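Novice: sequence unavailable; structure follows:
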């Protein structure tokens with residue numbers, strides 16, 4: 001394992017505490033006293049980065065929405081907008097001024113890791129919540145600070161994901177190029193280690209100064225070698241020059257670039273030379289979940305343009321801070337810090353946010369998009385193999401019997417019959433929900449059992465050692481009122497004996513009635529799961545698993561992948577992607593049921609089931625479908641027994 005350059009960060013670390021006139025401990029005490037007494041504005045300091053990105057736009061939009069809903073704790077939010085810079089020396093006086101202001105509860109900004117890390121020392125000593133939007137270097141959370149929270153997965157995660165997608169795209173030989181700054185060098189070394197573990201041969205690596213203008217001598221060292229792709233770790237501006245000169249020298253292979261290239265600045269300046277450039281991002285503007293669609297609509301209405309990753313990061317930073325304040329019911333610094341460290345996973349437009357003791361983020365992951373004809377195009381599914389592999393490692397560490405851990409990354413890469421595929425999905429559902437008794441309603445006939453997946457569930461139950469709690473109903477040749485009465489009775493009996501419920505579909509069951517019945521499961525805190533029933537599911541469902549649908553018959557998508565693939569044909573790749581799962585979760589439900597597991601954080605789902613509420617009472621008689629009072633005592637006794 002290559003030793004990473006931490007000494008530079010230690011020097012920067014000391015800069016924040018030396019030669020300054022601010023007494024940070026006194027500033028922290030004043031902030032604490034002010035927070036205890038203040039009933040006025042809640043103040044947030046936010047930095048506009050030097051590239052004038054849309055980060056501030058996302059911040060302002062979030063604040064406006066919060067104000068329209070009555071503010072935080074009934075108070076207004078006041079933004080102190082400051083201009084950022086690239087180095088700590090240039091920003092010392094501004095950072096100290098913010099630290100000395102007892103009204104400031106949080107700092108959002110400092111895009112550069114080189115600035116965010118020394119600044120974090122000042123904010124920590126001053127007890128200001130610090131959420132830097134794009135700092136990924138390891139040193140940011142290496143000191144177990146209480147007030148520093150990373151808003152992007154660290155370089156270790158980014159590097160592993162990049163190596164995973166390189167392997168997924170068929171890259172067997174690669175070149176690594178990196179600038180000689182701490183961020184670029186750390187990411188490059190981490191990528192090389194991860195790539196070797198993926199079986200990728202590194203045929204050449206080279207470094208450069210990002211202030212250089214002529215990179216042709218560096219390129220000439222490897223352009224005669226055989227390789228499938230180039231890894232490039234650099235800031236956006238030098239990356240533009242390098243990519244242009246690579247193409248000028250007839251190096252036309254795909255380029256996997258660092259997250260710093262995921263910007264409009266890089267896209268606009270690199271032009272067509274940027275074709276085949278793949279870059280990680282945490283925001284997918286095409287995601288169809290309700291929070292993202294609402295964010296896009298609001299952003300377009302205000303700014304007349306689509307949001308990008310910078311805007312989304314700014315928006316989520318404010319909304320996460322607001323959630324923290326509301327949960328703490330206070331702006332007292334230690335309460336905010338404690339609440340943010342230990343509160344349940346929160347879902348924003350950029351994904352899941354959950355923090356460990358060091359302030360590192362969990363649940364959030366990188367997606368990947370590629371440049372083609374000067375536009376970013378999301379690459380579907382290629383991030384999923386990494387997430388499945390991460391899940392396997394977590395399961396393997398916990399398993400008493402290592403042989404019982406399913407190799408999901410291998411299982412989903414195979415071309416499986418639909419029934420076999422659904423078995424793997426149910427196996428995955430069991431690993432997520434950890435149920436011991438799975439409830440199912442079915443008709444006792446060959447067709448009824450097949451419609452309810454009864455035989456499939458039986459096979460998985462024997463393998464994973466859980467019980468099936470079945471309830472039989474007659475669905476054919478019976479009037480609707482009788483079916484509904486029998487279904488209510490089944491739900492009532494099963495609710496006392498199961499800890500998860502398998503939802504099936506039958507044309508004889510009214511879907512609206514079934515949805516209202518499923519909503520009753522919330523009273524018993526029983527998660528409902530469904531498999532292979534489509535992506536639009538009942539909001540009462542806690543977990544839905546389906547086969548991914550990737551259409552490479554679309555010429556634009558097919559041509560995009562043709563340019564990026566190496567050592568693998570498009571139809572083979574389509575088959576591989578088509579075997580990957582779509583995982584949809586209802587985070588709110590699972591948290592209320594105390595079932596928001598580590599496995600969900602490892603899988604970091606792309607899709608979130610809307611937690612919107614439905615009428616849980618029978619419209620005809622205004623009574624619950626299941627008698628809660630009669631079931632209450634049995635429910636409590638059953639849970640204690642479990």
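Specialist: All right, it came through fine. Note that this is a predicted model, so its numbers are computed, not measured.

Novice: from what I see, residue 236 and residue 264 are in contact.
Specialist: No: between residue 236 and residue 264 there is no contact, the gap being 9.6 Å when judged by C-beta atoms under 8 Å. No exception for glycine: its C-beta is placed from N, CA and C like everyone else's.

Novice: neighbour count for the two, which is higher?
Specialist: Per other C-beta atoms under 10 Å, whichever of residue 236 and residue 264 has more neighbours is residue 236, with 20 against 15.

Novice: distance of the nearest residue to that one once chain neighbours are set aside from residue 327?
Specialist: Of all residues not flanking residue 236 in the chain, residue 266 sits nearest, at 4.2 Å (C-beta to C-beta, 6 or more residues apart in numbering). Per C-beta to C-beta, to the nearest Å, residue 266 is found 37 Å from residue 327.

Novice: what about the two, which has more around it?
Specialist: Set residue 266 next to residue 327 and count neighbours by other C-beta under 10 Å: residue 266 wins out with 22 against 16.

Novice: what's the burial count for residue 111?
Specialist: When neighbours are counted by other C-beta under 10 Å, residue 111 registers 23.

Novice: residue 48 is in contact with that one, correct?
Specialist: No: applying C-beta under 8 Å as the test, residue 111 and residue 48 come out as separate, 9.5 Å apart.

Novice: who touches both of the two?
Specialist: Jointly contacting residue 111 and residue 48 under the rule C-beta atoms under 8 Å, 6 or more residues apart in numbering are 55, 84.

Novice: tell me how far the residue nearest to residue 236 lies from residue 174.
Specialist: Counting by C-beta to C-beta - residue 266 and residue 174 are separated by 21 Å.

Novice: try residue 205
Specialist: In terms of C-beta to C-beta, residue 205 sits 9 Å off from residue 174.

Novice: wait, is the residue nearest to residue 236 part of a helix?
Specialist: Yes: read with DSSP: H, G, I helix; E, B strand; the rest coil, residue 266 is one of the residues of a helix.

Novice: all helices for the stretch 51-200 of the chain, in order.
Specialist: Ranges of helices in the stretch 51-200 of the chain, per DSSP state H, counting those that start in this stretch, are 55-68, 88-100, 113-125, 155-168, 182-197.

Novice: ok, which of those helices comes nearest residue 458?
Specialist: Nearest to residue 458 among these is helix 155-168; the distance by C-beta to C-beta comes to 34.3 Å.

Novice: so which elements touch the closest one?
Specialist: If contacts are counted by 3 or more C-beta pairs under 8 Å, 6 or more residues apart in numbering; DSSP states H and E, helix 155-168 sits against helix 182-197, strand 229-233, strand 255-257, strand 277-281, helix 384-398.

Novice: flag every buried residue along the first one.
Specialist: Neighbour counts over helix 182-197 (16 or more other C-beta atoms under 10 Å) mark 182-195 as buried.

Novice: what's the closest of the helices and strands packed on helix 155-168 to residue 367?
Specialist: strand 277-281 (5.6 Å).

Novice: residues making contact with that closest one?
Specialist: With C-beta under 8 Å, 6+ apart, strand 277-281 has contacts from 158, 161-162, 165, 243, 254-259, 261-262, 270, 309, 366-371, 376, 379, 564.

Novice: what subset of those residues is buried?
Specialist: 158, 161-162, 165, 243, 254-259, 261-262, 270, 309, 366-371, 376, 379, 564.

Novice: now the strands for the stretch 501-642 of the chain?
Specialist: 528-531, 543-547, 581-585, 607-608 (DSSP state E, counting those that start in this stretch).

Novice: I'd say residue 242 and residue 213 touch.
Specialist: No: the criterion here is C-beta under 8 Å, and residue 242 misses it with residue 213 at 10.5 Å.

Novice: out of those two, which sits in the busier spot?
Specialist: residue 242 (26 against 7).

Novice: how about that one: what's its closest non-neighbour residue?
Specialist: residue 215 is the one closest to residue 242 (C-beta to C-beta, 6+ apart), at 5.0 Å.

Novice: count of neighbours near the one you found?
Specialist: When neighbours are counted by other C-beta under 10 Å, residue 215 registers 20.

Novice: gap between it and residue 203?
Specialist: 18 Å.

Novice: also residue 347?
Specialist: On the measure of C-beta to C-beta, residue 347 and residue 203 end up 41 Å apart.

Novice: of these two, who's got more company?
Specialist: residue 347 (20 against 15).

Novice: which residues sit in contact with residue 338?
Specialist: Neighbour list for residue 338: residue 328 [criterion: C-beta under 8 Å, 6+ apart].

Novice: average model confidence for the helix or strand harbouring it?
Specialist: Assigned by DSSP states H and E, residue 338 falls within helix 333-342. The average of the pLDDT scores along helix 333-342 is 96.

Novice: got the domain boundaries for this protein?
Specialist: Following automatic domain parsing, one finds the domains of the chain at 7-152+290-363, 155-281, 387-551+582-641.

Novice: thanks a lot, catch you later.
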